[in-house]
Each structure stands twice: as structure tokens, then as C-alpha cells.
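Peer 1: One predicted model, sequence on top.
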Amino acid sequence: AQKITQTQPGMFVQEKEAVTLDCTYDTSDQSYGLFWYKQPSSGEMIFLIYQGSYDEQNATEGRYSLNFQKARKSANLVISASQLGDSAMYFCAMRGPTGFQKLVFGTGTRLLVSP
Amino acid sequence: NAGVTQTPKFRILKIGQSMTLQCTQDMNHNYMYWYRQDPGMGLKLIYYSVGAGITDKGEVPNGYNVSRSTTEDFPLRLELAAPSQTSVYFCASSYSADMNTEAFFGQGTRLTVV
């Protein structure tokens, strides 16, 4: 079975600083995909970034990067130059190579960016 | 672009009532999913579908039913609402079964059962 663990219920960061949101995972699959989603207070789930288990380079999307350490089974999200609009819940998720596709989610980290 | 559209956005039900949460997508995705999000928790899969006419249970299917008569629509039915079904419900879709495919989410339906 797959499992995602996010140990930081809440994080605080000042505007323009970088912040790292932790995510560890557990799976017996050799192939899997890791995702980060943002959920602002309005409630929608917004896809941020994806990392495949066989990708050798860390994924980057604008100010978002994924620090992927396969041996440690961690997939931390790094947000550079935080903005006030980054205040939201952030969910780490993964899916494996099963016959159907579903996302297994962590419990989320609430990020608050202060001026 | 509409993407994944859910209706209604909010609903209050009395115990024992029934309702259908609507979900439609205009991206011609074969794969569709229903999740629930309880307070302070991540999302849990209720049901999913890999194409019109094909549905299967997820992690927490009890108390729910689904149907998939068209590619676009994937309604979720609550037959006898219970307080334990108070939650935020998300519908999602994805283009393929490939691992690097992202899931597109609707805006969510906040349901309260009293």
C-alpha cells in the first residue's frame, strides 16, 4: 500500500523568503509519480508540480521545485521568493503503476506568508 | 475553459435525505474520480471510473453510488444522508492512466448533513 506523510501541520514564512514543505512517502512500487497540489481558501485543488520516480533531475515549475531524494523516499516542495498569494494548504500526493489510477494524498501543510 | 464543473457548491441535507452531486468535464477525459475531504485531512477516494459504463469502488464507497453513462458526466449519489457524510466532495478527471498524468479538480461541493 502507498502512504504519504506530511509532518508539518503549519508553516510560517515571510514574504520573499524561501520555504520547504516536507513530504515522505512509502511504497513498494518501483514506478510511481509524486505530485504537489495547492488548495487556497477558495477550496479548489491546483496542480503545482510532478516528479516521476525515474526522473533523474528534480522537477521545477517557476518558483516551485521538488527536492526528490529517492533513497530517503522524500519529495519536498520548495517555494522560492514566497508571495502573499502562496498562503494556502499544500498537499503531497502519489500514484503508482496500478491498473487504475488514483492519487493517495497526505494530510496537508498550511502555509502562511506574512508581509 | 470550463474544465471540471461541480454543482452545487454548497448544500445542507437533513439526515435520511438523498441527493446527487453533479460532475461534468469538457476535456474528453476517460478517467474520473470522486474524493471526499474531511476537516484537517487529505482526500480519500470514494469511486472512480475508467470510461463510460465502467465504475469501481475506491477507499470509502459505503453510502454512495455512481454512474457513468457518458464520458462527460460522473454523478455521485447519496441515498440516505448521514452526519458522517458531512464533508467537502471533489470530482476530478485525468486524460490517461499514465503515471505522469495530472488530475484536474472541480471546485468542490461542501455538504453538511444535519
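Peer 2: All right, it came through fine. Numbering: from 1, shown residues only, chains lettered A, B, ... in the order given.
Peer 1: so where's the chain uncertain?
Peer 2: Just going to use chain A. Residues of chain A meeting the criterion pLDDT under 70: A:98-102.
Peer 1: not quite, I wanted chain B
Peer 2: Using pLDDT under 70, chain B drops low at B:1.
Peer 1: Tell me which residue of it lies closest to chain A.
Peer 2: Going by C-beta to the nearest C-beta, chain A is nearest to B:Gly42 of chain B, at 3.2 Å. No exception for glycine: its C-beta is placed from N, CA and C like everyone else's.
Peer 1: Once you drop chain neighbours, what's closest to that residue?
Peer 2: Spatial nearest neighbour of B:Gly42, chain neighbours left out: A:Phe105 (3.2 Å); criterion: C-beta to C-beta, 6 or more residues apart in numbering or on different chains.
Peer 1: Would you list the phi and psi of the one you found?
Peer 2: phi -100, psi 150 (degrees, to the nearest 10).
Peer 1: burial measure for it, as a count.
Peer 2: Using other C-beta atoms under 10 Å in any protein chain shown, A:Phe105 has 22 neighbouring residues.
Peer 1: before we move on, back to that, tell me how many other residues crowd the residue of chain B closest to chain A.
Peer 2: There are 20 residues near B:Gly42, going by other C-beta under 10 Å.
Peer 1: what about the closest residue to A:Ser42 other than its chain neighbours, how many residues close to it?
Peer 2: Ranked by C-beta to C-beta, 6+ apart and with sequence neighbours excluded, the top spatial neighbour of A:Ser42 is B:Gln107, at 7.7 Å. By other C-beta under 10 Å, 17 other residues sit near B:Gln107.
Peer 1: thought B:Gln107 was touching B:Lys9?
Peer 2: Yes. Using C-beta atoms under 8 Å, B:Gln107 is in contact with B:Lys9, at 6.5 Å.
Peer 1: Return the residues in contact with A:Thr27.
Peer 2: With contact set as C-beta atoms under 8 Å, 6 or more residues apart in numbering or on different chains, A:Thr27 has these partners: A:Gln2, A:Lys3, A:Lys73, A:Met94, A:Gly96.
Peer 1: could you redo the last one with a cut-off of 6 Å?
Peer 2: A:Thr27 is in contact with A:Gln2, counting by C-beta atoms under 6 Å, 6 or more residues apart in numbering or on different chains.
Peer 1: list the contacts for the residue of chain B closest to chain A?
Peer 2: With C-beta under 6 Å, 6+ apart, B:Gly42 has these contacts: A:Phe91, A:Phe105, A:Gly106, A:Thr107, A:Gly108.
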